[in-house]
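# how does the following fold in three dimensions:
(chains A, B and C)
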Amino acid sequence: MTTLEVKNLVKDFSIRSGWRRTSLRAVDDVSFTLVPGRTVALVGESGSGKSTVARMIARLEKPTSGQVVATAPDGRQVKNRHYRDHVQMVFQDPFASLNPFHTIEHHLARPLRLHGRAKSRDEVDALVVQLLERVNLAPAASVAYRRPHELSGGQRQRVAIARALAPGAQVVIADEPVSMLDVSIRLGVLNLLARLQREDNLAVLYITHDLATARHFSDDILVMYRGRVVERGPADDVILNPKHPYTQLLASAAPDPEMRGRSRLAVSGSIEPTGAGVPRADSGCNFRDRCAFAMDACAEVPPNFAIGYDHFAKCWLYPEGATSPERTAVQGRPA
Amino acid sequence: MTNISPSTEPVSEPRQGPVPAAPEAARRRPVSGWRAILPRWSPKLGVGLGLVTAIALFGILGPMVVGDPAAINNVGLTPPGGGHLLGTTQTGQDVFAQLAYATRGSLQVGLLVGVMATALSALFGIIGGYVGGAVDEVFSLFSNVMLVIPGLPLVIVISAFVPAAQRGAWMIAIVLAITGWAASSRVLRAQTLSLRNRDYVAASRVAGEKPWRVVSVEILPNLLPVLASQFVFAVIFAILSEAGLSFLGLGASNSSTLGTMLYYAQNGFALQLEAWWWFVPPGAVIALFGCGLSLINFSIDEIINPKLRTEPRKRAASRSAAA
Amino acid sequence: MTTNTTAADARRARPGPVLTVEHLDVIYQVAAPVHAVRDVSLTLGRGEILGLAGESGCGKTTLAYAINRLHRPPAEVTAGSVTFHDRDGHDLDLLALKNEELRRFRWVKLSMVFQGAMNALNPVTSVRAQLDDVLTTHVPSMSRRARRARCAELFDLVGVDPGRLDSYPHELSGGMRQRVMIAMALLLDPQVMIMDEPTTALDVVVQRGILREILRLREELGFAVIFITHDLPLLLELSDRIAIMLEGEIVELASADEIYQRPQHPYTRKLLDAFPSLTGDRGAFIRSGASSSREPLPGSQPETVDPR
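Numbering: from 1, shown residues only, chains lettered A, B, ... in the order given. The predicted structure is shown next:
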């Protein structure tokens, strides 16, 4: 089973405004590991850099520095040529990720052929039907020859998942796979992903802005803010016991009917990000302009402080936690 | 990964017992996807297609049935009637026969220019748009330069350069294609840039497609409506420009087109002599053909921009019955 | 100009609902007619927040537009009535208003914040100019100084620095633009505000800020709100009553507590089940306790095509 290691990823975009060129650091020193059978959630608001991380892993963008390394089951590094056999992506928009001109069969047959999973017409047809059935699109034969606009959003997303599985990928990046679907269909699609992960022992990276589904569907959560991972740890720990002020802000801002009537957000932090300025790279903690607990120490970039078993936060509020180098491996534990 | 409950997974359609033998069932003829990109039927499409088809048929089949357009009689300038459907020219040549041959000539030029200009604009626009970087900059610069150079003067200059003896339909077509592809390439480049960032293009790259396949299999089919529209534009442009060139005496001198017909009519003082049957028919054919092509283009616009579509309304009678 | 009526004042001034919709039917008259709103009846109390929940295509936006008479052909109201009970005692039949009366009614008595309202601001004029526009159109007698004062007052009210009045829309963040739209909707002190997915495109933290403002403004000014969204947990936190819409019909209408504790209709339960709880037990749904029915999808949705 393939393992994916992300090491110290950095991505800078150069922005031109008038004659000046500035550099926007979209992803700043992000590291984590995806292991078979576990789901890691990358949680953040828009602008946090989570989609950029996904695109770099999918090799749609080149990192400015850092590495993404896939290790095959036999222990050897996966060569570039075979990278896409192992790592695939499910896109956010079910309406845009399928080509309106082609049939569903085309969308699934191409990856099958490209990655050598089937050669003859018969093999391809059989595998296409099999894939469609695995994602609960039946009767497969009639769906295969429809075009995307004839399917609903949920059905299209299932096709997108089937397409990601077609090359036999072991690592699946799901970039906000359900945020554009109707509410009542979302859980169905997420459950499908969960089932497929169990059946195939996949390593899944689940990218979302929704804390609730992140908590329910993943084993570990990484919270990103403005390009940095500010808190990481087991899902329950991060959600129920958030330590970083930003995570606390997120958790308290999410709608929760249990809190009806209570004036929420007596908590830290100003609501609006102040101004749309280009974030400065490396000039201290990037949350301090919104943080109620900002101190002088925050002028320096905080390292990862341990605050619990495998639970880390980049915040000077917890300096007594033993600092560790950027923990990259989230070791597999019995689920 | 926690699975909330397997039973919350909805099945899209109910299973139908054991899976039917896959290969046979899967090999059913695919529903034509071309229907998705063809224009919807509407009155204006009907009129447009009708005009274009009628004139095209006239141009293709006409010369086989009419008489010899070059046969000189000495009846002189006669109005329609008595054996000559559209009268005769100054030299007694049958206008109707000339019209048939001229239409064919114009259609040939139009088609040639349409194909060549579209091919050139596709090359510079689509490839530049997809590849990006230095190639895009160079292609873009080139097409911008071609755009800025005033078209008609350029055509006139090039035409005048070519000695009269070699000015055939092919040469004129080449000249017009060279001067007319630039605007179209900008449109195609813009469309390609927009399509290049679509998720399905990214998805096919992630799936492992090679770049040339991404362009030809993913992007090109979605560009077909725009390409078709640009092709129609090019044909209209060609026919009208050719007419203009020929009228100025710079056109294809050794072949017969609607423009040359107008040229000869002008030379034969048809307007002053009130010989309307000589210059009105060619002008009318040009106008009607252009009109028909434009109507077809409007219908193609509706595919490109679905917001332009007007939903067919129910009749008022049945609506009040429902109320 | 400001009638500082609090919610309680409003209720005391004229008891009873502020808006009554009875058996409303809206049909899109196209080749295969689409019955977008079927026999919808609801009442909106003064100062109440009524949540309208449903998924895409259920007709909630069509309903909002029809109440406002903003619907355009081919949408047509084929049956039913919409009555506005003005606080000064009159009752207005909204569907029967003539053009001039409708113009006088709109924005003064009932205003609307549209979906994607953040992008509804004119990019080439300052925000102040756009607010001024509203005032000069509806209250031509207002002096320039009075208008400036009113705009500043409203900016204060919605929590935006009045110093930003002269900014252009692109200089403001998404959340601020949404507050500007809310300010614009409040300019003439309406009695009802219809908000169509006002926070869908915003980050959850910004959304929390906007919701706080709406609650506070409701307390201070006493207007009623129809809040349209698909985010049911949001409504459960925010609204007094909730109406659940499915395929054009209101399948359940009850207080937020009732919907949360004792949902009756299977679709309501299905919607509730779609939102995992953030802080409850892992694996529990938003309704902790007995699991709700796991019915299969109620058939595929008919293609309610919303031309917008």
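
# now do whichever residue of the stretch 151-300 of chain A sits closest to chain B against A:Ser218, distance only.
As assessed by CB to the nearest CB, chain B sits closest to A:Ala194 within the stretch 151-300 of chain A, at 4.4 Å. Any C-beta I mention is one placed from the backbone N, CA and C, and that applies to glycine too. As judged by CB to CB, to the nearest Å, A:Ala194 and A:Ser218 stand 10 Å apart.

# try C:Val77
In terms of CB to CB, C:Val77 sits 47 Å off from A:Ser218.

# got the contact list for residue 242?
No chain was given, so I picked chain A. A:Glu231, A:Gln248, A:Leu250, A:Ala251 (CB atoms under 8 Å, 6 or more residues apart in numbering or on different chains).

# actually, chain B is the one I wanted.
B:Glu242 makes contact with B:Ser106, B:Val109, B:Gly110, B:Val113, B:Ile172, B:Leu176, B:Gly251, B:Ala252, B:Thr257, B:Leu258, B:Gly259, according to CB under 8 Å, 6+ apart.

# try it again at 7 Å.
Neighbour list for B:Glu242: B:Ser106, B:Val109, B:Ile172, B:Leu176, B:Gly251, B:Thr257, B:Gly259 [criterion: CB atoms under 7 Å, 6 or more residues apart in numbering or on different chains].

# redo those as a markdown table? Include distance to chain C and secondary structure.
Listed next are the contacts of B:Glu242 as a markdown table, based on distance: CB to the nearest CB, whole Å; DSSP: H, G, I helix; E, B strand; the rest coil:
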| residue | distance to chain C | secondary structure |
| --- | --- | --- |
| B:Ser106 | 40 | helix |
| B:Val109 | 42 | helix |
| B:Ile172 | 47 | helix |
| B:Leu176 | 41 | helix |
| B:Gly251 | 48 | coil |
| B:Thr257 | 45 | coil |
| B:Gly259 | 45 | helix |
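
# follow-up on the earlier one: does the residue of the stretch 151-300 of chain A closest to chain B really touch A:Phe217, like I thought?
Yes. The pair A:Ala194 / A:Phe217 is scored as a contact, 6.2 Å apart, by CB atoms under 7 Å.

# these two - which one has more neighbours?
A:Phe217 (27 against 23; other CB atoms under 10 Å in any protein chain shown).

# what does the model give the more buried one for pLDDT?
pLDDT, A:Phe217: 88.

# and chain C, which residues reach chain A?
Residues of chain C found near chain A (CB under 7 Å from any CB of the partner chain) are C:55-56, C:173, C:175-176, C:203-206, C:208-209, C:212, C:230-231, C:233-234, C:236-237, C:260, C:270-271, C:274-279, C:282, C:286.

# mind checking pLDDT for B:Glu13?
For B:Glu13, pLDDT reads 31.

# which helix is the longest one in chain C?
Taking DSSP state H as the criterion, chain C has its longest helix at helix C:204-221.

# from the chain's centre, how far out does it sit?
Relative to its parent chain, helix C:204-221 has a centroid offset of 13 Å by CA atoms, centre = their mean, to the nearest Å.

# which helices and strands does it pack with?
Applying 3 or more CB pairs under 7 Å, 6 or more residues apart in numbering or on different chains; DSSP states H and E, one finds that helix C:204-221 contacts helix A:245-253, helix C:174-186.

# just send these back as CSV, with mean pLDDT too.
Formatted as CSV, the helices and strands packed on helix C:204-221 follow (pLDDT from 0 to 100):
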stretch, mean pLDDT
helix A:245-253, 88
helix C:174-186, 86
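
# how about the helices in the stretch 201-308 of chain C?
C:204-221, C:232-238, C:256-261, C:266-273 (DSSP state H, counting those that start in this stretch).

# which helices and strands sit right next to the second one?
Looking back up the chat, that one is helix C:232-238. Partner elements for helix C:232-238 (3+ CB pairs under 7 Å, 6+ apart): strand C:49-53, strand C:224-229, helix C:256-261.

# got TSV for the ones you listed, with distance to C:Leu94 too?
TSV is the format used below for the helices and strands packed on helix C:232-238 (distance: least, CB to CB, whole Å):
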stretch	distance to C:Leu94
strand C:49-53	17
strand C:224-229	14
helix C:256-261	27
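
# so where is the stretch 1-150 of chain B shaky, pLDDT-wise?
Within the stretch 1-150 of chain B, the stretches with pLDDT under 70 are B:1-39.

# buried members of the residues of chain C next to chain A into PyMOL, please.
Applying 16 or more other CB atoms under 10 Å in any protein chain shown to those leaves a buried subset, and the PyMOL line that selects it is:
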select buried, chain C and resi 55+173+175+176+203+204+205+206+208+209+212+230+231+233+234+236+237+260+270+271+274+275+276+277+278+279+286
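
# ok, A:Leu131 - contacts?
Taking CB under 7 Å, 6+ apart, we find A:Leu131 in contact with A:Leu108, A:Ala162, A:Leu165, A:Ala166.

# now it, what's its secondary structure?
Secondary structure, DSSP: H, G, I helix; E, B strand; the rest coil: A:Leu131 is helix.

# same check on B:Ala173?
B:Ala173, by the three-state scheme (three-state DSSP), is helix.

# returning to that earlier point: comparing the helices and strands packed on helix C:232-238, which gets the lowest mean pLDDT score?
Averaging pLDDT over each of the helices and strands packed on helix C:232-238 puts helix C:256-261 lowest, since it has a mean of 90.

# mind listing what's buried along that one?
Residues C:Ala256, C:Ile259, C:Tyr260 are the ones in helix C:256-261 that count as buried (16+ other CB under 10 Å).

# for chain B, see how far away the last one is.
Shown here: C:Tyr260 relative to chain B, a distance of 19 Å by CB to the nearest CB, to the nearest Å.
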